[in-house]
Structures are given as structure tokens and as C-alpha cells.
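Colleague: Next one to model:
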Amino acid sequence: MENEGPAAGGASAAADTAPEAPRHDRDAHAPPARPPRWYYPALGVVTGVVVAAPAVPSSGTRALAVVGAVAGLVLLERAHRAGAGRSLTRTAGTVGRAILAVAGTGVLALLAVSIAADITGNEGWAVLSGVGGFLLMALLGPLYERVRAPGPRGGP
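Modeller: Next up, the predicted model:
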């Protein structure tokens, strides 16, 4: 007699999903993915472009710079995800959130300075704000990594 009852159908359905369960468990318990060494300096360049954008005289060129920076941000995340197999977006407790809050507030403050500098005709200060945005990401990013994923340093 053949096994055509509901138990057989249930077993094959369970067998179809069985490989997914171990992968999900492995991803849930794996240490956070580490970004490559170039990730935070590249993120700093993207941030610097966005922050310094008000210094660009042409509104079309300014918009193009911001759109290019956003596209660069997407490409950075995709490049890391392709190399590590996981996303970088997992946050780290209270200290990690505090670092992210300082970075976010700093970028917003630098953007406000950049806009004010552009309005007052001091484009040089807007460019310096962009340099500040670069430094903020390039320095706070690795600090955030040390808090988020303790262990051996350095990415691929």
C-alpha cells in the first residue's frame, strides 16, 4: 500500500522548508557583517557631497550631485551585501544608537551650516561643512563598528 495520506503530504511540505530553517537560524545567530575597510571613507565622501551641495551654484548640478550621492549610498550597501551576504543595518544597543544619534545630528547641523553659508554668500564654509561631513562618517563609522561587532578588526 502507498503512503498517500495527509501525513505523507505534510512530510514532503516539511522537507521542502527544512533547508530554510537552518539558514535562518544561522543568519540570526551569526556575528554582524563587517564592512570592508573602504566602506566608511566612501560613506564619508557621499555624506560630504550631500552636505557641501548647497555650495554648488547651479541648482541642476546641485540636484545631480545629491542624486549621485544617494545612488552611491545604495551602491555601497549593495556592494557590501554582495560580499558579506548580509546587510550592515543591524544596530548595536544603547552605545551604538548614541553614536548613530551623534552622527545623524552632526550631519544635520553641518547641512544647516552649509545652507546658511550658501545663503550668506560664504560658499567656502559650505565646502568646509562637506569636509566635516566626510570626517564625521570616516571617524565615527569605525567607532560604531567596534561597538556593534566586537572582535577581530578589518574587513575584506
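Colleague: burial measure for A53, as a count.
Modeller: Burial of A53 is recorded as 22 neighbouring residues (other Cβ atoms under 10 Å). C-betas here are computed from N, CA, C, even on glycine.
Colleague: Distance-wise, check it relative to V67.
Modeller: In this structure, A53 and V67 are 10 Å apart, going by Cβ to Cβ, to the nearest Å.
Colleague: Also A101?
Modeller: When Cβ to Cβ is the yardstick, A101 and V67 sit 27 Å from each other.
Colleague: now swap in A126 and tell me
Modeller: Noted for A126: a distance of 18 Å to V67, by Cβ to Cβ.
Colleague: Report the secondary structure state of R34.
Modeller: Assigned state for R34: coil (three-state reduction, DSSP: H, G, I helix; E, B strand; the rest coil).
Colleague: got any ranges where the chain has weak pLDDT?
Modeller: When residues are selected by pLDDT under 70, those of the chain lie in 1-33, 83-92, 149-156.
Colleague: can you do 90?
Modeller: Low-confidence segments of the chain, defined by pLDDT under 90, span residues 1-40, 55-59, 73-97, 100, 123, 141-156.
Colleague: All the helices of it, residue numbers only.
Modeller: Listed in chain order, the helices of the chain (DSSP state H) span 6-17, 20-29, 39-52, 59-84, 93-119, 123-148.
Colleague: and L136, what does it touch?
Modeller: When the contact criterion is Cβ atoms under 8 Å, 6 or more residues apart in numbering, the partners of L136 are 44, 47, 103, 106-107, 110.
Colleague: Just say which of the helices of the chain is most tucked in.
Modeller: Each of these was assessed for mean neighbour count using mean count of other Cβ atoms under 10 Å. The highest is helix 39-52, with a mean of 22.
Colleague: In this structure P36 contacts A82, no?
Modeller: No - the pair P36 and A82 does not pass the contact test of Cβ atoms under 8 Å, sitting 11.1 Å apart.
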